[in-house]
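**Q** Just the structure for this:
(one chain, ligands or ions: 1)
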Amino acid sequence: MPDHSNDITQSPSLDRDCTTLSRHVLQQLQSFDTAAQDISAIMNRIALAGKLVARRLSRAGLMEGVLGFTGEENVQGESVKRMDLYANDVFISVFKQSGLVCRLASEEMEKPYYIPENCPIGRYTLLYDPIDGSSNVDINLNVGSIFSIRQQEGMDLDGDAADLLQNGHKQIAAGYILYGPSTMLVYSIGTGVHSFILDPSLGEFILAEENITMPNHGSIYSVNEGNFWQWEDSIRDYIRYMHRHEGYTARYSGALVGDLHRILMQGGVFLYPGTKKKPEGKLRLLYETAPLAWLIEQAGGKASTGTMPLLDFVPTYLHQRTPTILGSVENVELVESFIQEAERETVGV
Ligand code: P6P
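**A** Down below sits the predicted model:
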């Protein structure tokens, strides 16, 4: 009887369709031990949360009580969108019964949400911005979820999560879900940056691109120039340089995940500088800029506060903000050069 078992042609697209997120994480970790299984399971739960949020967003305009504001303000002093609260609750529900995380810290919650039975030492904490750029939700433009995974260190006896106040190098995993024409999950566990696209017909995130690498230079600068007169002179001088030199173009959507994703994929720089009134800027470190900084540097880019590496910054409280410059090495260093020049002039050297 002829043996045709080797005749089966291994279709590359079939292989790729079988590369689900959890399998990819285990491949990246090159391990099947408990810790690897936990990280893989956590990423799978994040993917489930992304599917639930994407489903809600896709029908939001057709449903009552999904869009618009709750009338409340969050700890940031920002008006809360119904979609912010829904997405925040999705991540809690997805992780509450998972046995994987002890705490969830979110832009929408003043204090972390604790899951007591899951809090033996060494458990993980999810830090997340459930819907970033929610001002875009009601006008059907792209929004995103941002996530970061850290491991609990020591006892958090008084529930103030002080052990989370550490630099960005302590992250174990980080990434975002971009709700755009397709729903895309981009993540890193420290072995490069990889993207997955949700295939609605399968209900699975399928591998799209591995080891995403940024160009050293890009033509895009992404910043809200409406803040021009609130910035320090150094930033204004940088923007004037952008205006006066050919080869640069401005792109800004007002939603961090989409703006950052463009820079990750095409190069350039995203910046949200501090202002004279708010030198720390607007973006929050632990669940917005630190996870994105980690991704950018994993992809060969650079992340800066303007005066120090963003991943070295140690927050003093959970919702701490930092000035933020993320992107291609040369583009970030050009912004830093204007800040350094201003510091030299101030010091008089
Ligand atoms: P501005 C959305 O509220 C957000 O946190 C980020 O998604 C975005 O990058 C930034 O604020 C936009 O802020 O001041 O330009 O509207």
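**Q** what's the next secondary structure element after whichever strand or helix holds S58?
**A** Take DSSP states H and E as the rule and S58 turns out to sit in helix 34-59. Moving toward the C-terminus from helix 34-59, the first helix or strand encountered (DSSP H and E) is strand 69-73.
**Q** residue nearest the centroid of this structure?
**A** The structure's the chain has its C-alpha centroid closest to I146; by Cα atoms, centre = their mean the separation is 3.7 Å.
**Q** what packs against the helix or strand harbouring it?
**A** For I146, the host element (DSSP H and E) is strand 143-151. Taking 3 or more Cβ pairs under 8 Å, 6 or more residues apart in numbering; DSSP states H and E as contact, the helices and strands that strand 143-151 lies on are helix 34-59, helix 82-96, strand 124-132, strand 173-179, helix 256-266, helix 290-298. Where you see a C-beta, it was placed from the backbone N, CA and C, and this is true even at glycine.
**Q** and the shortest one, average pLDDT?
**A** Per-residue confidence for strand 173-179 averages out to 98 on the pLDDT scale.
**Q** Give me the angle between it and strand 143-151.
**A** Our comparison of strand 173-179 with strand 143-151, counting by axes from the mean of the first three to the mean of the last three Cα atoms, to 10 degrees, yields an angle of 160 degrees.
**Q** what separates F338 from the ligand, distance-wise?
**A** From F338 over to the ligand the distance is 20 Å, taken as Cβ to the nearest ligand atom, to the nearest Å.
**Q** Please tell me I have it right and that residue contacts I239.
**A** No. With contacts counted by Cβ atoms under 8 Å, F338 stays clear of I239, the gap being 9.2 Å.
**Q** Would you mind extracting the C-alpha trace of the strand holding I146 into CSV?
**A** Backbone C-alpha positions of strand 143-151 (Å, rounded to 0.1, in the frame of the first residue of the first chain) are rendered in CSV as follows:
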residue,chain,number,x,y,z
VAL,A,143,-9.7,53.6,20.1
GLY,A,144,-7.5,51.2,22.0
SER,A,145,-6.9,49.2,25.2
ILE,A,146,-3.4,49.3,26.8
PHE,A,147,-2.2,46.7,29.2
SER,A,148,0.9,45.9,31.3
ILE,A,149,1.6,42.9,33.4
ARG,A,150,3.8,43.1,36.5
GLN,A,151,4.6,40.5,39.2
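**Q** from here on, count from 63
**A** I'll keep to 63 as the first residue from here, and by that count the last item is strand 205-213.
**Q** got the angle between it and helix 352-360?
**A** Interaxial angle, strand 205-213 versus helix 352-360 (the same axes, to 10 degrees): 90 degrees.
**Q** Check the offset of strand 205-213 from the chain's centre.
**A** Using Cα atoms, centre = their mean, to the nearest Å, the mean C-alpha position of strand 205-213 is found 5 Å from that of the whole chain.
**Q** list the buried ones in it?
**A** V205, G206, S207, I208, F209, S210, I211, R212, Q213 (16 or more other Cβ atoms under 10 Å).
**Q** that older thread, ok, which of the helices and strands packed on strand 205-213 comes nearest the ligand?
**A** If you check each of those against the ligand by Cβ to the nearest ligand atom, helix 318-328 wins as the nearest, at 3.4 Å.
**Q** mind checking how far the closest one is from the chain centre?
**A** The chain centroid and the centroid of helix 318-328 are separated by 10 Å under Cα atoms, centre = their mean.
**Q** now the helices and strands packed on strand 205-213 in JSON lines, with distance to the ligand?
**A** Rendered in JSON lines, the data for the helices and strands packed on strand 205-213 read as follows (distance: least, Cβ to the nearest ligand atom, whole Å):
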{"stretch": "helix 96-121", "distance to the ligand": "15"}
{"stretch": "helix 144-158", "distance to the ligand": "10"}
{"stretch": "strand 186-194", "distance to the ligand": "4"}
{"stretch": "strand 235-241", "distance to the ligand": "11"}
{"stretch": "helix 318-328", "distance to the ligand": "3"}
{"stretch": "helix 352-360", "distance to the ligand": "10"}
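**Q** Quick one: those as CSV, columns for mean neighbour count too.
**A** As requested, the helices and strands packed on strand 205-213 are exported to CSV (neighbours: other Cβ atoms under 10 Å):
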stretch, mean neighbour count
helix 96-121, 19
helix 144-158, 21
strand 186-194, 27
strand 235-241, 27
helix 318-328, 23
helix 352-360, 27
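**Q** still on that earlier bit, can you put the buried residues of strand 205-213 in JSON lines and add distance to the ligand and pLDDT?
**A** As requested, the buried residues of strand 205-213 are arranged in JSON lines below (distance: Cβ to the nearest ligand atom, whole Å; pLDDT from 0 to 100):
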{"residue": "V205", "distance to the ligand": "8", "pLDDT": "97"}
{"residue": "G206", "distance to the ligand": "8", "pLDDT": "98"}
{"residue": "S207", "distance to the ligand": "11", "pLDDT": "98"}
{"residue": "I208", "distance to the ligand": "9", "pLDDT": "98"}
{"residue": "F209", "distance to the ligand": "14", "pLDDT": "98"}
{"residue": "S210", "distance to the ligand": "15", "pLDDT": "98"}
{"residue": "I211", "distance to the ligand": "21", "pLDDT": "97"}
{"residue": "R212", "distance to the ligand": "21", "pLDDT": "96"}
{"residue": "Q213", "distance to the ligand": "26", "pLDDT": "91"}
